[in-house]
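**Q** coordinates for the following, if possible.
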Amino acid sequence: MGIRQLVWALIAALLIYGGWQLLRALLAGRGRVAVVAPSGAASAADGASDAAQDDEDDSDFNYAPVPAASVAPAVSPQPAAPAAEGPDAFAVELELQRLRREVGSLRAALDVQQGEIGVLHETVQRLMDAAPVVSSAVEDGAGQNASPEYSEALVLARRGLSVEEVSERCGITRAEAELVVSLAARGGFEDGA
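**A** Residues are numbered from 1 along each chain as shown. Coordinates of the predicted model:
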């Protein structure tokens, strides 16, 4: 007999032994349920003989706890609970309250967004109203053909400020201020120079 056959025989023996123990446990469980839940008219002698029989059967199973005799007696069936008829009223009420809170928070968020949109509309309107002021500055010659760093100097020169005042206010050299004042006097920035 080879090792392989010996291992298979050992596995088969263990399976048979496990099946036998399972069968004994199931049979002992059925007998114990009958003893634990006897009918109300059972005599004390019957209970004593059943207890003695249990002690004999349970000698191999002394490691398992014995179920208490406080098994609930058979009760007449109760009428169907209201939950079986339809959804629970309490659960429905909870869901309704949750949905109301969610709708309230969504409305509050919508109000905040509407306020922000109103502010944005006002800002756009102010910018649109300010646009003619910017375009008039461009038409005055302070924008299209002039360098951005000399636009303020050009506006001051057109107002009639002297070369020294333009130089001091704009932070440019005297030569640059003289050039800007002479160009403003001739209108050179408007002609594309």
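**Q** mean confidence score for stretch 172-183?
**A** Across stretch 172-183, pLDDT averages out at 91.
**Q** any idea how many residues pack against Leu179?
**A** By other C-beta atoms under 10 Å, the residues close to Leu179 number 17. C-betas here are computed from N, CA, C, even on glycine.
**Q** how much space is there between it and Leu26?
**A** Distance, Leu179 to Leu26, by C-beta to C-beta, to the nearest Å: 113 Å.
**Q** and what of Ala91?
**A** Distance of Ala91 to Leu26, given as C-beta to C-beta: 41 Å.
**Q** same deal with Trp20?
**A** From Trp20 over to Leu26 the distance is 11 Å, taken as C-beta to C-beta.
**Q** same check on Arg100?
**A** Applying C-beta to C-beta to Arg100 and Leu26 gives a distance of 55 Å.
**Q** same question for Ala108.
**A** Taken as C-beta to C-beta, the span from Ala108 to Leu26 is 64 Å.
**Q** Ala109 too?
**A** Ala109 sits at a distance of 63 Å from Leu26 (criterion: C-beta to C-beta).
**Q** next: Ala157.
**A** Taking C-beta to C-beta, one finds Ala157 at 112 Å from Leu26.
**Q** which parts of the chain are helices?
**A** For the chain, the helices defined by DSSP state H cover 3-36, 44-57, 82-85, 89-137, 148-158, 163-170, 174-186.
**Q** quick check: angle from the fourth one to helix 148-158?
**A** Right, helix 89-137. 60 degrees (axes from the mean of the first three to the mean of the last three C-alpha atoms, to 10 degrees).
**Q** please parse this structure into its domains.
**A** Here the domain parsing of the chain from automatic domain parsing is 1-35+52-61, 87-140, 143-193.
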